[in-house]
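[1] Here's my sequence, what's the structure:
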Amino acid sequence: MNSQTLHLDAPGQRLDKVLTEQLPDLSRTQIQRLLKEAQILVNGRPAKANLRLEGGEEVTVTLPEPEETELLPEAIPLDIRYEDDDMLIINKPAGMVVHPAVGHSSGTLVNAVLAHCPDLPGIGGEKRPGIVHRLDKETSGLIVIAKNELALRHLQAQFKERTVGKQYLALVEGQVQPPTALIDAPIGRDPRQRKKMAVIPFGGSARSRPAQTQYTTITGYDDYTLLRCELFTGRTHQIRVHLAYIGFPIVGDKVYGRRKPSIRLGRHFLHAAVLRVKRPSDDEEITIQAELPPELDAVLQQLAE
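    Presented below is the predicted three-dimensional model:
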């Protein structure tokens, strides 16, 4: 069992609502189930979801151990852009989930990597062997996989220290102004829609973390703009949230974009094009690039006509 203690200061608010904001990795349904199972204690006693807080409560949350799922290798073709004894850099196609989760127990990048590297199980935990960072399902492009524990820690440290270079290509709705800018806006779980992220100012009702995205215009079209985006932080859905926040959502983004897509694409136009990272073996910095996939390149060709 994994327990953590929270100190709440939210007088008048419902317990389950506050915990949903404080524990972004848990859904409200999960929190309510934990309350029913007496796995959440308020001042040492079980409590109901609708408890109104008085302020200053000590809340202990006990999470059950995650169930282990058997990861099976699957012979799925991989577009490998770099490989050595410590790591793989793969050009992931859109539509592929990075690691198994609810509703995606097979056909993931992890399943494919296990077929290519049979020795990976157990690295970094059974559920996500070798995974250093993630790309959204509909985002294509470069992702790095560690092949041993030392490499995993080395690569994770680079991401934590923000020394990894990550550049994305994004086609957005509208003519972007100014043509280049730094978006510095904190991101957190959207308190109204739990599956979404949102820009949430510090000190608001929900927790947020610093997030910075630098964008530069590559090409302007009549109704669209192709941007190069560089991440200085790695928040969930960061580029998608930031570009929608400034009024220029990514083309084809069903979550943060327009309800009726102006271009029928079947995915969103976001591609991880450049990855700059230091090799765990000798600390030498390498830069790997991945060209736009055909379906995205075809959109640009059409816009240029």
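
[2] Phi first, then psi, for residue 16.
    Per-residue torsions, residue 16: phi -60, psi -30 (degrees, to the nearest 10).

[3] Which residue comes closest to it once chain neighbours are left out?
    residue 49 (3.9 Å; CB to CB, 6 or more residues apart in numbering). For every residue, glycine as well, the C-beta is placed using N, CA and C.

[4] Quickly note the distance from that neighbour to residue 13.
    Residue 49 sits at a distance of 12 Å from residue 13 (criterion: CB to CB, to the nearest Å).

[5] can you check residue 20 too?
    For residue 20, the distance to residue 13 - CB to CB - is 11 Å.

[6] go on, residue 299?
    From residue 299 across to residue 13, the span is 46 Å (CB to CB).

[7] And the two? Which one has more around it.
    Taking neighbours as other CB atoms under 10 Å, residue 299 and residue 13 compare with residue 299 leading, 20 against 16.

[8] The residue nearest to residue 16: what secondary structure?
    coil (DSSP: H, G, I helix; E, B strand; the rest coil).

[9] Likewise for residue 29?
    Secondary structure, three-state DSSP: residue 29 is helix.

[10] same question, the one 5 residues further on
    The assignment at residue 34 comes out as helix when based on three-state DSSP.

[11] Next, the contact list for the nearest residue to residue 119 once chain neighbours are set aside, please.
    Leaving aside its sequence neighbours, residue 119 sits nearest to residue 147 (CB to CB, 6+ apart; 7.5 Å). By CB atoms under 8 Å, 6 or more residues apart in numbering, residue 147 lies in contact with 85, 86, 87, 88, 117, 119, 120, 123, 130.

[12] could you redo the last one with a cut-off of 6 Å?
    86, 87, 117 (CB atoms under 6 Å, 6 or more residues apart in numbering).

[13] tell me the phi and psi of the second one?
    Comment: the main-chain dihedrals of residue 87 come out as phi -160, psi 160, following degrees, to the nearest 10.

[14] Equivalent analysis for the first one, please.
    For residue 86, the backbone dihedrals (degrees, to the nearest 10) come out as phi -110, psi -30.

[15] pLDDT score for it?
    Note on residue 86: pLDDT of 93.

[16] Would you agree it is in contact with residue 282?
    No - using CB atoms under 6 Å, residue 86 is not in contact with residue 282, being 9.8 Å away.

[17] Name the residue in the two with the higher neighbour count.
    residue 86 (18 against 8).

[18] how close does the more buried one sit to residue 134?
    For residue 86 relative to residue 134 (CB to CB), the value is 19 Å.

[19] And for residue 231?
    Taken as CB to CB, the span from residue 231 to residue 134 is 12 Å.

[20] out of these two, which sits in the busier spot?
    residue 231 (20 against 16).

[21] does that one have beta-bridge partners, and which?
    On the basis of DSSP bridges, residue 231 takes part in beta bridges with residue 213.
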